[in-house]
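Trainee: Mind folding the following:
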Amino acid sequence: MVWVAVGLAVLGAFCLALGAQRQGSAVKADTGGLALSSNGFLRLLRNPRWMFGLLLLCTGMAMNAVALVSAPLTVIQPIGAIALVITTVINARDQDLTINRATAVSIGACVTGSALFVLLAVNVTQESHHVSPEDELTIVLLLALAVGLFGTLAVMFKHRMNAFVYILGAGILFGFVAVLTRIIGKHLLDPNGLFLLNVQWYSVVAIIAAGGLGSWFVQSAYSTGPPDLVIAGLTVVDPMVGIAIGIIILGELRPDVHAVMAIAMGTAACLAIVGVIALSRHHPEVTKRKKDARKAAGKPSH
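Mentor: Numbers count the residues shown, from 1 in each chain. Sure, this is the predicted structure:
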């Protein structure tokens, strides 16, 4: 069963990579590198390339979800990082770009840091079988704060936000969504037989709000940056946020964790995040856009 789960995870990574590339190219063709508007988003819903990308993304997420249920997190979670490498290669060929050394190093840092963080986290955490109403409300309130913060940034700095901010926001929001989805799933499977009556209404509202804003941020990131940056942010930030919530709020940290392990986890997280930041600054598509913008403004390239 484990090998079947591994196969599903690999196929899911391919679907995520191809879906991100299809959607990214569709958004760039529609916006021309400008900020995504509400009318532009409605046009994307009628774009076959974008819809095909959405289908691939949904298929990839479904495969990954089944894989996570069928095999240990330690085995499955790091496989998602393959999507970053695949997306980078596909996008480079599609845009006729050469992957420079800075991009290769940045991707290596993302993949290595995120994989190490997940592997270390699995060894120091334990599953929380019961989530108290107070903990659930705390998570929802923190998510409401995140939605308010990033929603305000999106309104006030719509035309000045870069791809990294969009991806950071999307990763944080989807990290909360993943945690609340798991909590709601546990409520539905509670042996008391109440099913939907166990689910708190504010958790459902929070998921809808965060999922909507996070999806908007992802599409906006496609219009301002390469699709491999989008995948990098989601495969790095999303699981880190989820694990951090589990440790800090849900009490999933084992009591015998050594300080060295905590330092190692912090180092791995920093390595992955630095990789995302470097990718957002040195990716060949990003540097090409900056040069084109300077030329359009009548400024010298150097």
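Trainee: so where is the protein shaky, pLDDT-wise?
Mentor: 1, 31-38, 68-69, 71-75, 77-78, 127-129, 293, 298-302 (pLDDT under 70).
Trainee: hey, where'd the helices end up in it?
Mentor: Applying DSSP state H to the chain gives helices spanning 2-31, 38-44, 48-70, 73-76, 82-94, 101-124, 133-156, 163-188, 201-224, 227-248, 259-282, 284-296.
Trainee: Quick one: list the elements packing against the third one.
Mentor: Contact here means 3 or more CB pairs under 8 Å, 6 or more residues apart in numbering; DSSP states H and E; on that basis helix 48-70 packs against helix 2-31, helix 73-76. In short, each C-beta sits where N, CA and C put it, glycine included.
Trainee: Show me the contact partners of that helix.
Mentor: Helix 48-70 is contacted from outside by 1-2, 4-6, 8-9, 11-16, 18-27, 29-30, 44-45, 76-77, 79-80, 83, using CB atoms under 8 Å, 6 or more residues apart in numbering.
Trainee: Let's see that with 7 Å instead.
Mentor: Identification of contacts with helix 48-70 by CB atoms under 7 Å, 6 or more residues apart in numbering yields 1, 4-5, 8-9, 11-13, 15-16, 18-20, 22-23, 25-26, 44, 76, 80.
Trainee: And for the second one?
Mentor: In this structure, residues lying in contact with helix 38-44 by CB under 7 Å, 6+ apart are 26, 27, 30, 31, 50, 219.
Trainee: Could you find the closest non-adjacent residue to the second one?
Mentor: Counting by CB to CB, 6 or more residues apart in numbering, the nearest residue to residue 27 once its immediate chain neighbours are dropped is residue 222, at 3.8 Å.
Trainee: repeat for the fifth one
Mentor: Residue nearest to residue 50 in three dimensions, not counting chain neighbours: residue 26, with 3.8 Å by CB to CB, 6+ apart.
Trainee: any idea how far residue 47 is from that neighbour?
Mentor: Taking CB to CB, to the nearest Å as the measure, residue 26 falls 5 Å from residue 47.
Trainee: now swap in residue 252 and tell me
Mentor: Taken as CB to CB, the span from residue 252 to residue 47 is 41 Å.
Trainee: now residue 253
Mentor: 45 Å.
Trainee: next one: residue 57
Mentor: Counting by CB to CB - residue 57 and residue 47 are separated by 14 Å.
Trainee: Of these two, which one has the most company?
Mentor: Using other CB atoms under 10 Å as the criterion, residue 57 and residue 47 rank with residue 57 on top: 20 against 17.
Trainee: mind listing what residue 47 touches?
Mentor: Contacts of residue 47 (CB under 7 Å, 6+ apart): 26, 30.
Trainee: and what of residue 275?
Mentor: By CB under 7 Å, 6+ apart, the contact list for residue 275 reads 106, 107, 109, 110, 113.
Trainee: quick one: the fourth one and residue 273 touch, right?
Mentor: What that stands for is residue 110. No - between residue 110 and residue 273 there is no contact under CB atoms under 7 Å: 8.7 Å.
Trainee: so what sits against both of the two?
Mentor: residue 236.
Trainee: Contacts only, for the spatially most central residue of the chain.
Mentor: Nearest to the mean C-alpha position of the chain, counting by CA atoms, centre = their mean, stands residue 234 at 1.7 Å. Remark: with contacts taken as CB under 7 Å, 6+ apart, residue 234 is in contact with 170, 171, 174.
Trainee: Can you turn the buried part of the contacts of helix 48-70 into a PyMOL selection?
Mentor: One line in PyMOL is enough to select the buried ones among these; burial here means 16 or more other CB atoms under 10 Å:
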select buried, resi 5+8+9+12+13+15+16+18+19+20+22+23+25+26+44+76+80
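Trainee: Compute the number of surrounding residues for the closest residue to residue 100 other than its chain neighbours.
Mentor: Nearest residue to residue 100 in three dimensions, chain neighbours excluded: residue 284, at 5.5 Å (CB to CB, 6+ apart). By other CB under 10 Å, 17 other residues sit near residue 284.
Trainee: got a list of what residue 284 touches?
Mentor: 97, 98, 99, 100, 103.
Trainee: thinking again about what came up before, pretty sure the residue nearest to residue 27 contacts residue 25?
Mentor: No - counting by CB under 7 Å, residue 222 stays clear of residue 25, with 8.4 Å between them.
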